[in-house]
Structure formats: structure tokens, C-alpha cells
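Whatever this is, show me its structure:
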Amino acid sequence: MNDEVQSHGNLRRRSAEVLAWVFAVGFLWTVDTLSKLSIRQQTGYGKDDFRLFTDQGTSAAAVLLMIPFVIYWLRLFPLKRDQWIPAIIGHTAGSVIFAFGHYSLMVLFRILVFQLNGMEYSWLQSYASNLIVEYQLDIKIYAAIVLIVSAYQYFRNVRQKKPPAALLQGRLVVQTGSGESIVRLADIDYISAARNYLVVHVGDKEFLLRDTINNLEKRLTGEAFLRTHRSFIVNVDRIQEIRPADSGHRIRLKNGPEVPLSRGYREAVKASLAG
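Here you go, the predicted structure:
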């Protein structure tokens, strides 16, 4: 369940990011198109409707297709204070690659659009010179995308690194598929680690908690919980028996589940239960 919840959350986030980029690029290129139409109306000079809309549409589509490259390139050359020289070199090269990819995709799209309309798009002779002109525009687009992605990642990381929700009078704030919920510590059977999350097991339900198991163990000091394994914390009141198993010892809980009891925690658990 925890993997499904996390996967669903990631899918929703990525879908929202894609829609945001489509909206932003669509809005900016629409404004630019309207501006060029206004200039043509005022001066009488400019491209005809077919060429103008084709040029603007193919440019916007090419930018959208190049955004994943910028995001990937930013992972290789992050904007960090201690890595500013590699970042400058890397993103200078990245802007050239972006401009080449953007212009090449535009040309390809325009060739296809012109052919579908029974026309021929001439591009070969002017490709190099137009690419140089395009680079002067694309470097600004590339820089804007880098700054937007960097700012988004920064605020997202800050949000993820915020202190975990505190214990509220014997309760724990957990994540659900639709938001947050509060569970009583007394209702928790056990807690297990799963990648960047903890899974809080309450009967047949599972909830996510963004925290480390070491940190949660400290926060649960004084509560009826014991660490039984590097990846498990158990509610003492749920323990039914400790029994040997092929891979060591296991703890059987009253409602049926079993969790591992590793050698490093065995004596401490037995001492706590006996005392």
C-alpha cells in the first residue's frame, strides 16, 4: 500500500508539473503571437497567418520537448555555491545544446506542417545563420527555465526537509492518499522503514510518515514503543510472544503480524518486557 500511495503521489506531482509547463509556455507564446499580430496590423509588415502560427506553434512545442533535457542537465550541473565554476561551464554548453535541439525540432516540425499543407519548407541554406540568431533568443529561454526549475526544486526540498510533525498528546500526524490524518499511538501496531518514508501500521491500514526511524525512535522515548530491528519499531502492548526462527527471532503481535527481532536489540527488548 505504501508504494502505491507514494507512486500515486509522484504521478500526481509530475502530472501537475507537466501541466504547469504546458500552461506557462502556451501562455507566453500566445502573448508573443498576439504581439506580433498587433505589430503586423499597425505596420503592415510581418508573416502571413499560416507562417506566423506555424512558427510560433512549432517553437512552443520544441521548447516543451527540450525542458526534460534542461532538468536533466541541471541535475548534472546544479546551481550550488561550491560548484559555480562547473555550473557556468556546464550551462554554457547546455545552452548551446538547448538551442541546437530547439531549432532542429522546430525545423523538423515545420517541414512536416508544410508538407501536410502541400508546401515545401526551405531551411538547409539558412540553417547555420538562423541557428546563430536563434541562440541569442534561446539562451534567455534556457536561463529562465534553469532559474524556474532551480527555484522550484529549492522550495520543494525546503518543504520536504521541514521538521516532522510532532507528537500531539499521544497522537501522530501521518500522511494519507488525500492529505494528512492523526492516529493515536495506542492504536499503532508497529512502524517500519520504507525508503524515504516510514510506514505506520494500524490494524489493516497503513499510513506514511516522512521521517527517519532513528529520529522517530528518539521522539517516542517514554512511550510504549521498542526498537526491534534497524527497520522496525513495535508497540509493546501489541507483543504476544517472541519465538525463534530460521533467520533469528521473530515477534508475533496479538493481531497476527510478525516483525523481526535482530540480535542487537534482543536483550534490550527482553529486558524491557521483563522489567
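
quick one, phi psi at the residue located most distally from the centre of the chain?
Note on the chain: the largest C-alpha distance from the chain mean falls to residue 44, namely 47.2 Å (C-alpha atoms, centre = their mean). The phi/psi pair for residue 44 (degrees, to the nearest 10) reads phi 80, psi 0.

which parts of the helix or strand residue 66 falls within are buried?
Assigned by DSSP states H and E, residue 66 falls within helix 49-76. Within helix 49-76, the residues that count as buried by 16 or more other C-beta atoms under 10 Å are 54-60, 62-64, 66-67, 69-71, 73-74. Bear in mind the C-beta positions are built from the backbone N, C-alpha and C, glycine included.

just checking, what packs against that helix?
Packing partners of helix 49-76 (3 or more C-beta pairs under 8 Å, 6 or more residues apart in numbering; DSSP states H and E): helix 2-43, helix 84-116, helix 127-160.

tilt between it and helix 84-116?
Orientation check (axes from the mean of the first three to the mean of the last three C-alpha atoms, to 10 degrees): helix 49-76 against helix 84-116 gives 150 degrees.

tell me the mean pLDDT for helix 49-76?
Here helix 49-76 scores 94 as its mean pLDDT.

Now do it: distance to the chain's middle.
Centre-to-centre, helix 49-76 and its host chain are 21 Å apart (C-alpha atoms, centre = their mean, to the nearest Å).

And for residue 244, nearest residue in space, chain neighbours not counted?
Spatial nearest neighbour of residue 244, chain neighbours left out: residue 250 (7.8 Å); criterion: C-beta to C-beta, 6 or more residues apart in numbering.

Same check on residue 249?
Using C-beta to C-beta, 6+ apart and skipping the chain neighbours, the partner closest in space to residue 249 is residue 261 (4.2 Å).

re earlier: would you mind giving the helices and strands packed on helix 49-76 as JSON lines with mean neighbour count added?
Output for the helices and strands packed on helix 49-76, formatted as JSON lines (neighbours: other C-beta atoms under 10 Å):
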{"stretch": "helix 2-43", "mean neighbour count": "13"}
{"stretch": "helix 84-116", "mean neighbour count": "16"}
{"stretch": "helix 127-160", "mean neighbour count": "14"}
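
Would you mind listing where the stretch 151-275 of the chain has pLDDT under the threshold?
Along the stretch 151-275 of the chain, the parts satisfying pLDDT under 70 run over 158-169, 275.

Please enumerate the helices of it.
Taking DSSP state H, counting those that start in this stretch, the helices of the stretch 151-275 of the chain run over residues 213-219, 263-274.
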